[in-house]
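Participant: what would the 3D arrangement of this be:
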Amino acid sequence: MRPRVMMALAAIGLVAAGCSEPKPDPAQAGDAESPEAKADETGGAEPVESRRIESAFEPQVAGGFYTDVRRELERQVRGFVDKAGSAKHAADRDIVGILSPHAGYVYSGPVAGEAFRAVQGRDYRTVVVMALSHRRAASKLALLDRPAYDTPLGSLPIDGRLVRRLLHEHGDLFAADERVYRGEHSLEVQLPFVQVALPEAKIVPIIVAVRDEELMDRAGEALFQVFGKREDVLFVMSSDLSHHHPYDQAVKLDNKNLELLEQWKLDEWKRVAWQPAEGMCGCRPVLTFARFFEGYAAEKRRVTRIAYLNSGDTAGDKSSVVGYGALAFSVEKGMRTERASEKDFGPYGAEERRWLMDLAKKAVAAAAKGEEFQAPDPPFSDLSQMGAAFVTLKKSGQLRGCIGHVIARVPLYKCVSDVARSAAIHDHRFSPVSADELGELSYEISVLTAPEPIKADDVVVGRDGLIMSRGGRSGLLLPQVPIEWGWDRVKFLQHTCRKAGLPLDCWQDPGTRIEAFRAIVWGEDDIAD
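Facilitator: Predicted coordinates for the structure are as follows:
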């Protein structure tokens with residue numbers, strides 16, 4: 001079931017059954033399942049988990065630029081990283097980005113290993129991989145809107161929330177464009193290094209196939225708006241250096257490119273780097289990142305060299321070589337202080353969440369004071385889309401009112417306003433909220449997806465909300481309820497039966513309809529940027 005807000009299929013209207021009762025009676029707990037132990041295929045370091053995700057983007061150059069044999073690939077990449085000497089590089093600074101080469105591993109693997117060794121063990125949750133297109137041009141920076149990107153090491157998850165945010169907030173600069181990824185190696189060759197060095201991270205893949213420098217500048221500024229404060233984000237720029245010069249000439253050209261970036265002489269670097277054979281083939285992603293990097297104060301930034309080799313060093317033939325460099329782009333610690341929330345707020349940014357929360361509070365206050373309230377038109381288009389939502393009120397941590405719609409019959413902002421008012425004065429389980437209580441209330445908003453049939457064995461606690469229906473009776477519990485009460489799956493099913501006024505084991509009756517939905521949930525602590 002995809003987590004999208006849409007019109008519900010079941011004809012369920014305004015309900016107060018989505019929240020737990022003030023004092024529910026727990027049912028008998030089921031036994032928790034213990035995870036299976038995983039075999040260590042490498043016999044040494046913890047192996048990369050070879051998980052596969054449905055609908056992942058398939059590898060394009062496995063078996064060409066790098067081996068398609070899983071164990072061999074892991075040993076090779078881990079060897080490059082482990083043999084690198086830069087583990088303590090910039091240990092006293094916050095590395096925002098690295099430059100890493102993208103040739104076949106036999107040529108550029110040692111330098112890529114140095115780049116990723118410099119960031120291995122740092123707590124990055126998202127890696128923005130920026131690469132070029134050797135094959136196709138595009139009018140916008142190309143994103144990959146898939147759940148994951150496959151390599152022989154498994155499916156590397158794509159941070160879909162961030163991809164969708166870029167598409168939603170900066171659609172004039174970014175587009176989902178798989179065509180640009182077909183047959184391209186510059187981004188893909190970075191991914192096994194991400195999987196080995198930063199195994200907990202998700203990626204945001206970006207291919208810069210545009211030729212418009214002004215658009216690249218704007219894209220870099222947009223990326224700073226989205227990622228600039230996040231200390232758990234790393235950028236990886238994919239680029240080789242000069243191509244097919246004699247060894248000594250290549251060293252001179254490559255040192256010039258790297259030194260200009262280290263000295264941040266960007267205008268001079270552009271004149272050199274954009275030369276076809278003398279410069280950097282990944283100058284477009286590097287330039288886009290440079291505009292991002294300039295969002296930090298100049299005196300706080302630093303570019304330092306991690307490593308430089310060329311194919312003459314790694315493969316032996318020095319008559320015509322390709323250069324490979326690794327750089328670290330860092331800032332002083334403490335400049336980036338924000339981290340991604342563990343919660344998924346879908347398309348609703350902090351300003352949208354804050355606006356809806358303020359709307360709910362105003363609706364409750366008007367209801368408690370006996371005043372009329374007309375919801376104003378929202379400044380965000382997402383909030384004018386048809387939506388279904390619940391508003392939960394608590395006082396001193398105890399439920400004080402909770403009512404919602406499961407069918408998306410009105411725009412989301414009107415739904416939130418209506419159900420907030422109803423939660424305050426129409427929840428039959430409680431007396432109406434008084435004006436004196438307003439300062440003691442806490443608020444929570446849940447935006448629902450459409451219910452879909454589900455088997456009891458497929459219910460996931462913390463992900464699914466449930467609707468149990470049989471013989472004209474129905475009951476609903478929100479996804480956060482079993483988390484709050486520490487219920488397992490069986491308890492959750494039993495309490496939803498109880499909510500419907502049915503026997504606790506009604507979920508085992510073939511005549512009972514079980515539906516699941518998901519919810520995007522936020523409270524007052526979740527409306528900060």
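
Participant: mind giving me the domain split of the protein?
Facilitator: As given by automatic domain parsing, the domain ranges for the chain are 14-32+342-526, 70-134+147-160+178-240+256-317.

Participant: residue 246 is in contact with residue 319, correct?
Facilitator: Yes - contact criterion Cβ atoms under 8 Å: residue 319 and residue 246 qualify, at 6.3 Å. (Each C-beta comes from the backbone N, C-alpha and C, glycine too.)

Participant: give me the more crowded residue out of these two.
Facilitator: When neighbours are counted by other Cβ atoms under 10 Å, residue 319 and residue 246 differ, and residue 246 comes out ahead with 12 against 9.

Participant: mind listing what that one touches?
Facilitator: 318, 319, 320, 321 (Cβ atoms under 8 Å, 6 or more residues apart in numbering).

Participant: any idea how far it is from residue 280?
Facilitator: Separation of residue 246 from residue 280 (Cβ to Cβ, to the nearest Å) stands at 19 Å.

Participant: what's the answer for residue 215, then?
Facilitator: Distance, residue 215 to residue 280, by Cβ to Cβ: 19 Å.

Participant: more neighbours, the two?
Facilitator: Ranked by neighbour count (other Cβ under 10 Å), residue 215 and residue 280 place residue 280 first, with 29 against 17.

Participant: so the more buried one: helix, strand or coil?
Facilitator: Using DSSP: H, G, I helix; E, B strand; the rest coil, the secondary structure recorded for residue 280 is coil.

Participant: could you check how far it is from residue 327?
Facilitator: Distance of residue 280 to residue 327, given as Cβ to Cβ: 11 Å.

Participant: ok, residue 311 next?
Facilitator: Distance check for residue 311 against residue 327: by Cβ to Cβ, it reads 19 Å.

Participant: cool, and residue 386?
Facilitator: Residue 386 is 49 Å from residue 327, by Cβ to Cβ.

Participant: again, but for residue 65
Facilitator: According to Cβ to Cβ, residue 65 stands 21 Å off from residue 327.

Participant: between those two, which has more neighbouring residues?
Facilitator: Neighbour count, other Cβ under 10 Å: between residue 65 and residue 327, residue 327 has more, with 23 against 19.

Participant: A helix includes that one, no?
Facilitator: No - Residue 327: not assigned to a helix; according to three-state DSSP it is strand.

Participant: helix/strand/coil for the nearest residue to it once chain neighbours are set aside?
Facilitator: Leaving aside its chain neighbours, residue 327 sits nearest to residue 99 (4.0 Å; criterion: Cβ to Cβ, 6 or more residues apart in numbering). Here residue 99 is recorded as strand under three-state DSSP.

Participant: and the nearest residue to residue 501 once chain neighbours are set aside, how far from residue 467?
Facilitator: Sequence neighbours aside, residue 473 is the residue nearest to residue 501 in space, at 5.2 Å (criterion: Cβ to Cβ, 6+ apart). Noted for residue 473: a distance of 11 Å to residue 467, by Cβ to Cβ.

Participant: more neighbours, these two?
Facilitator: Using other Cβ under 10 Å as the criterion, residue 473 and residue 467 rank with residue 467 on top: 26 against 14.

Participant: for residue 429, grab the count of nearby residues.
Facilitator: Using other Cβ under 10 Å, residue 429 has 12 neighbouring residues.

Participant: check what pLDDT it gets.
Facilitator: Residue 429 is assigned 91 on the pLDDT scale.

Participant: please, which helix or strand holds it?
Facilitator: In this structure, residue 429 sits in neither a helix nor a strand according to DSSP states H and E.

Participant: strands along the stretch 1-150 of the chain, start to end?
Facilitator: For the stretch 1-150 of the chain, the strands defined by DSSP state E, counting those that start in this stretch cover 14-15, 93-100, 126-132, 141-143, 148-151.

Participant: again, but for the stretch 401-529 of the chain
Facilitator: Counting by DSSP E, counting those that start in this stretch, the stretch 401-529 of the chain has these strands, from start to end: 410-411, 441-448, 452-453, 465-470, 473-477, 513-517, 519-523.

Participant: switch those over to JSON lines; also include distance to residue 345 and mean pLDDT.
Facilitator: Putting the strands of the stretch 401-529 of the chain into JSON lines (distance: least, Cβ to Cβ, whole Å; pLDDT from 0 to 100) gives the following:
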{"stretch": "strand 410-411", "distance to residue 345": "18", "mean pLDDT": "96"}
{"stretch": "strand 441-448", "distance to residue 345": "9", "mean pLDDT": "94"}
{"stretch": "strand 452-453", "distance to residue 345": "21", "mean pLDDT": "92"}
{"stretch": "strand 465-470", "distance to residue 345": "16", "mean pLDDT": "94"}
{"stretch": "strand 473-477", "distance to residue 345": "21", "mean pLDDT": "92"}
{"stretch": "strand 513-517", "distance to residue 345": "17", "mean pLDDT": "93"}
{"stretch": "strand 519-523", "distance to residue 345": "6", "mean pLDDT": "88"}
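
Participant: point out the most buried one among the ones you listed.
Facilitator: strand 465-470 (a mean of 25; mean count of other Cβ atoms under 10 Å).

Participant: circling back: and of the strands of the stretch 401-529 of the chain, who's closest to residue 291?
Facilitator: Among the strands of the stretch 401-529 of the chain, the nearest to residue 291 by Cβ to Cβ is strand 519-523 (31.9 Å).

Participant: distance between the closest one and the chain's centre?
Facilitator: 16 Å (Cα atoms, centre = their mean, to the nearest Å).

Participant: can you list contacts of it?
Facilitator: 3, 5, 343-346, 348, 353, 357, 390, 442-449, 465, 478-480.

Participant: tell me the angle it makes with strand 465-470.
Facilitator: Relative orientation of strand 519-523 and strand 465-470, computed by axes from the mean of the first three to the mean of the last three Cα atoms, to 10 degrees: 120 degrees.

Participant: in the stretch 1-150 of the chain, which spans are helices?
Facilitator: Remark: helices assigned in the stretch 1-150 of the chain by DSSP state H, counting those that start in this stretch are 70-83, 105-117.

Participant: starting at the chain centroid, how far to the longest one?
Facilitator: Here the centre of mass of C-alpha atoms in helix 70-83, compared against the chain's by Cα atoms, centre = their mean, lies 27 Å away.

Participant: and that helix, which residues are buried?
Facilitator: 70, 73, 74, 76, 77, 78, 80, 81 (16 or more other Cβ atoms under 10 Å).

Participant: show the pLDDT at the fifth one.
Facilitator: In this case it means residue 77. With respect to pLDDT, residue 77 has a value of 98.

Participant: low-confidence stretches in this structure?
Facilitator: Across the chain, residues meeting the criterion (pLDDT under 70) sit at 1-50, 86-88, 341-343, 528-529.

Participant: let me know the outermost residue of it.
Facilitator: Relative to the mean C-alpha coordinate of the chain, counting by Cα atoms, centre = their mean, the farthest residue is residue 319 (44.9 Å).

Participant: ok, it to residue 247 distance?
Facilitator: Per Cβ to Cβ, residue 319 is found 8 Å from residue 247.

Participant: likewise residue 399?
Facilitator: Distance from residue 399 to residue 247, by Cβ to Cβ: 74 Å.

Participant: if you count what's nearby, which of these two comes out ahead?
Facilitator: The neighbour comparison of residue 399 against residue 247 (other Cβ under 10 Å) goes to residue 399, with 20 against 17.
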